[in-house]
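[1] Here is a sequence with its predicted model. Questions after.
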Number of protein chains: 2
Amino acid sequence: MMTQATPSYVPTELTVPRRYRDRAAYDKQAVHAVLDEALHCTIAFLRDGRPMNLPTLHARVGETVYVHGSTGGRFALLDGEPISISVTLLDALVLARSWMHHSLGYRSVVAIGEARVVQDEDERYAAMAALVDKLYLGRTADSRPPTAKELAATAIVALDLEAVSLKHRGDHVADDEADLEGSPYWAGSIAVRTVRGEAVPAPDLDPAVPLPAGLR
Amino acid sequence: MMTQATPSYVPTELTVPRRYRDRAAYDKQAVHAVLDEALHCTIAFLRDGRPMNLPTLHARVGETVYVHGSTGGRFALLDGEPISISVTLLDALVLARSWMHHSLGYRSVVAIGEARVVQDEDERYAAMAALVDKLYLGRTADSRPPTAKELAATAIVALDLEAVSLKHRGDHVADDEADLEGSPYWAGSIAVRTVRGEAVPAPDLDPAVPLPAGLR
């Protein structure tokens, strides 16, 4: 049987790290998985020539990442501006024998490019739906869609995935050879996970409204 | 009894948000608590005039946040450069009746300023210790301190906390009045937490080495 090459992003000068190049990857499926698992991103942009970064909810649709904000907010001003969006999933604390080799186990994605403030109404609606469905798949059907006025008050910012890289480090301890034999120091790892609790109804929720199937 | 004003950062044009100003705070203790609880930050900096951001471990000592990297890496080049460091603690998913009011509950800090690549050996050592103790308090005493060569290979980048703001949003649902009465949609919140698993020894750890008290 023929195996097909996995589609990958093309590494560029911007996305090849200076150090630990073996931790970098460009496989699209792997990049998508990290973007989709992360519940928030950090978006970096210029403000008077200075780099600023802010956390926000994001959602991926195909090869585009979307964030949103108010039309009166900062994101609405980003059309054509250079931005960088990064997400990080922390997986482990790595405790080495030496201070030097202490580390974090993680998966992270950085995407770089020009922001696009979305004008097309269909794309805007699809992006908003993706942002709502990020909370749990199917939430869009379990809540009230936006009115024309609400849509008009929302700025949607898109970043197309082109200059993108994934970095990952597992939970292995990477001490120097000289520290392995006869060291008095404990070494190992501690897994870190993000967990969701039970769905708690709003205090003013009509008790007759059932919990959506997607939350049961 | 007199109450004393809590020491706060002075809000500046850079740290007052355009929207949701009631979510912003400048209390130093609250800012420190968020920086200390977060296990990683995102650092934004300029690269050929473009904003870039990367995740990394950070630690706070007094009114300074430190990150570190190799002297051959990008962080070593940041002395005097404008940077922004942000941390985010995700606390909840907020499921509103309307798409529009879906949100995340979170606490985040953004600190802005000029990076300082630390030269002073005592400050460099103290920063490295803080970065190791970030994994658990006391880890510095449970692992091998750096040699002069290891210290020399490490770049420590400092950002003094001056232009700093905390943003927080709780887990309350903030639907419009018109959506409250007779809505068929479930509304509420889901708590999100970061949890640590058990300490797992490295496969090559000498079984005679006990688990440190700080991990028991």
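    Sure, I can see it. If you're wondering where the values come from, they're calculated on a predicted model, not measured in any experiment.
[2] Now do the lengthiest helix in chain A: which elements does it pack against?
    In chain A, assigned by DSSP state H, the helix with the most residues is helix A:121-133. With contacts taken as 3 or more CB pairs under 8 Å, 6 or more residues apart in numbering or on different chains; DSSP states H and E, helix A:121-133 sits against strand A:58-61, strand A:64-70, helix A:148-152, strand A:154-160. (Each C-beta comes from the backbone N, C-alpha and C, glycine too.)
[3] strands paired with the last one, and their directions?
    The reference is to strand A:154-160. In the sheet, strand A:154-160 lines up against strand A:64-70 (antiparallel), strand A:116-117 (antiparallel) (DSSP bridges).
[4] right, so those: which one is the most enclosed?
    Highest mean neighbour count among the strands paired with strand A:154-160 (mean count of other CB atoms under 10 Å in any protein chain shown): strand A:64-70, with a mean of 21.
[5] got the contact list for stretch A:63-72?
    Residues from elsewhere that reach stretch A:63-72 (CB atoms under 8 Å, 6 or more residues apart in numbering or on different chains): A:28, A:35, A:41, A:43, A:56-60, A:75-76, A:85, A:111, A:118, A:127-128, A:130-131, A:152-161, B:18-19.
[6] what about 7 Å?
    A:35, A:41, A:43, A:56-59, A:75-76, A:85, A:111, A:127-128, A:130-131, A:153-161, B:18-19 (CB atoms under 7 Å, 6 or more residues apart in numbering or on different chains).
[7] Could you do stretch A:8-18 as well?
    A:24, A:26-28, A:31, A:112, A:161-165, A:167, B:72-74.
[8] how about a cut-off of 6 Å?
    Contact with stretch A:8-18 is made by A:24, A:26-27, A:112, A:163-165, B:73-74, as judged by CB atoms under 6 Å, 6 or more residues apart in numbering or on different chains.
[9] what mean pLDDT does that stretch have?
    For stretch A:8-18, mean pLDDT is 86.
[10] Check stretch A:114-128 too.
    Here stretch A:114-128 scores 98 as its mean pLDDT.
[11] Tell me the buried residues in it?
    Under the neighbour-count criterion of 16 or more other CB atoms under 10 Å in any protein chain shown, stretch A:114-128 has A:115-118, A:123-128 buried.
[12] what about A:D179, distance to B:P146?
    Distance, A:D179 to B:P146, by CB to CB, to the nearest Å: 12 Å.
[13] So A:D175 sits against A:H101, correct?
    Yes: here A:D175 reaches A:H101: they are 5.3 Å apart, a contact under CB atoms under 6 Å.
[14] Give me the more crowded residue out of these two.
    The residue with more neighbours, out of A:D175 and A:H101, is A:D175; 21 against 18, by other CB atoms under 10 Å in any protein chain shown.
[15] Convert the helix or strand hosting A:V164 to CSV, retaining C-alpha atoms only.
    Assigned by DSSP states H and E, A:V164 belongs to strand A:163-169. Only the C-alpha atoms of strand A:163-169 are listed here, as CSV (Å, rounded to 0.1, in the frame of the first residue of the first chain):
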residue,chain,number,x,y,z
ALA,A,163,4.0,30.6,8.7
VAL,A,164,3.2,28.1,11.5
SER,A,165,5.2,25.9,13.7
LEU,A,166,4.5,23.4,16.5
LYS,A,167,7.0,22.9,19.3
HIS,A,168,6.7,20.0,21.7
ARG,A,169,8.7,18.6,24.5
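[16] which helices and strands does the following helix or strand past it pack with?
    Remark: after strand A:163-169, the chain's next helix or strand is strand A:188-201, criterion DSSP H and E. Strand A:188-201 sits against strand A:82-95, strand B:188-201, with contacts defined as 3 or more CB pairs under 6 Å, 6 or more residues apart in numbering or on different chains; DSSP states H and E.
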